[in-house]
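Q: okay, structure incoming, though there's no sequence with it:
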Ligand SMILES: Cc1cc2nc3c(=O)[nH]c(=O)nc-3n(C[C@H](O)[C@H](O)[C@H](O)COP(=O)(O)O)c2cc1C
């Protein structure tokens with residue numbers, strides 16, 4: 001895990017977002033480390049043919065982690081082995097932070113923060129299974145709810161279990177995405193363990209990255225939602241770390257070009273099926289890009305219904321020709 005030696009920028013694992021195309025875009029724009037969206041241990045064990053497409057790693061997409069969730073130590077260990085043999089990720093990340101009912105309802109994700117012995121058993125089982133074949137990391141939240149903040153204890157237990165790095169999203173499960181991420185808690189956890197802590201939550205500008213670099217507490221920052229509509233954040237943050245100067249924002253025309261390229265590459269990859277189903281899947285992504293394109297507001301209803309690449313190109317041409325576009 002050589003990248004942990006220096007302050008690194010991570011693209012967050014995001015279900016339905018951090019597919020291989022988006023990971024490659026973010027890497028091109030300066031992300032040092034990427035991570036797949038999560039897969040479930042049960043899915044790996046029972047439906048590998050269907051699940052394996054989520055963990056494919058294209059050439060050049062490294063270092064990259066595969067994220068796994070589940071609640072059964074033996075199943076997690078077996079699934080981790082299957083993934084490592086199939087795609088040789090640079091690290092295997094245990095999800096102990098996901099708040100969605102589908103995951104916590106099966107005792108995985110953030111619900112492991114309510115059962116630290118079980119989380120520790122899972123970590124030990126996966127670490128033992130993978131031994132020297134693949135480093136194991138974990139991604140957690142600060143706790144289940146504000147009355148049960150347990151990140152400091154969890155970090156210590158996971159370090160003892162042999163986990164090599166931990167990402168902390170500075171919110172509890174019950175906060176979901178409300179309020180502000182608690183970076184003081186992230187720093188406190190970093191001071192308690194020897195393994196690297198990667199901070200996550202609300203990094204939206206290069207200045208946020210610089211702030212965390214300057215604290216010297218974390219081994220890197222992980223960026224999620226801001227990258228969805230603004231993958232330039234990685235490149236601009238790196239330039240700012242290197243020179244102290246804030247580079248200009250991308251132009252509307254650069255944003256439109258990237259939006260078109262992203263959709264085109266996704267259609268060609270066929271990861272979401274044919275063009276029509278890819279366009280349906282990509283609508284939320286298109287709207288996310290459009291948010292930061294001046295003059296896009298009147299076109300949002302049309303973008304929300306766009307059903308072919310040709311139609312998207314037509315809307316992009318209108319945007320480019322608008323007084324605030326281009
Ligand atoms: C659409 C979406 C999907 C997500 N999927 C995952 C996931 O699969 N695994 C995970 O650990 N976190 C997931 N997260 C949480 C992010 O990795 C990250 O922790 C969170 O968005 C906070 O970072 P941010 O403020 O930079 O967005 C997801 C977040 C979003 C918005």
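A: The structure has been received and is ready for your questions. All of these numbers come straight from a predicted model, not from anything done at the bench.
Q: all strands of the stretch 201-326 of the chain, in order?
A: 220-223 (DSSP state E, counting those that start in this stretch).
Q: and the residue of it closest to the ligand?
A: Residue nearest to the ligand within the stretch 201-326 of the chain (Cβ to the nearest ligand atom): residue 224, separated by 2.9 Å. Just so you know, the C-beta spots here come from the backbone N, C-alpha and C atoms, and that holds for glycine as well.
Q: quick one, what contacts that residue?
A: Counting by Cβ atoms under 8 Å, 6 or more residues apart in numbering, residue 224 touches 11, 12, 14, 200.
Q: what sits against the third one?
A: By that I understand residue 14. 37, 224, 228.
Q: any idea which helix or strand comes after the helix or strand hosting residue 80?
A: Taking DSSP states H and E as the criterion, residue 80 maps to helix 73-87. Going down the chain from helix 73-87, the next helix or strand is strand 91-96, by DSSP H and E.
Q: helices or strands up against that following strand?
A: strand 64-69, helix 73-87, helix 116-130, strand 136-143 (3 or more Cβ pairs under 8 Å, 6 or more residues apart in numbering; DSSP states H and E).
Q: for these, give me a markdown table that also has mean pLDDT, mean neighbour count and distance to residue 232.
A: As requested, the helices and strands packed on strand 91-96 are exported to a markdown table (pLDDT from 0 to 100; neighbours: other Cβ atoms under 10 Å; distance: least, Cβ to Cβ, whole Å):
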| stretch | mean pLDDT | mean neighbour count | distance to residue 232 |
| --- | --- | --- | --- |
| strand 64-69 | 98 | 27 | 21 |
| helix 73-87 | 98 | 19 | 28 |
| helix 116-130 | 98 | 20 | 35 |
| strand 136-143 | 98 | 27 | 24 |
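Q: let's have the ones you listed in JSON lines, adding distance to residue 297.
A: JSON lines is the format used below for the helices and strands packed on strand 91-96 (distance: least, Cβ to Cβ, whole Å):
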{"stretch": "strand 64-69", "distance to residue 297": "35"}
{"stretch": "helix 73-87", "distance to residue 297": "41"}
{"stretch": "helix 116-130", "distance to residue 297": "44"}
{"stretch": "strand 136-143", "distance to residue 297": "34"}
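Q: what about the closest residue to residue 255 other than its chain neighbours, how many residues nearby?
A: Distance criterion Cβ to Cβ, 6 or more residues apart in numbering; nearest residue to residue 255, sequence neighbours excluded, is residue 293 at 5.1 Å. Using other Cβ atoms under 10 Å, the number of residues around residue 293 comes to 25.
Q: surely residue 293 is in contact with residue 252?
A: Yes: the criterion here is Cβ atoms under 8 Å, and residue 293 meets it with residue 252 at 5.3 Å.
Q: circling back: mind checking which of the contacts of residue 14 are in helices?
A: When DSSP state H is applied, the contacts of residue 14 are split such that residue 228 fall in helices.
Q: quick check, nearest of the contacts of residue 14 to residue 188?
A: residue 224 (21.8 Å; Cβ to Cβ).
Q: among the contacts of residue 224, which are within reach of the ligand?
A: 12, 14, 200 (Cβ under 6 Å from any ligand atom).
Q: in strands only, show me those residues.
A: The strands, defined by DSSP state E, take in residue 200 from those.
Q: would you reformat the ones next to the ligand among the contacts of residue 224 as JSON lines and include pLDDT?
A: Shown next, in JSON lines, are those (pLDDT from 0 to 100):
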{"residue": "12", "pLDDT": "98"}
{"residue": "14", "pLDDT": "97"}
{"residue": "200", "pLDDT": "98"}
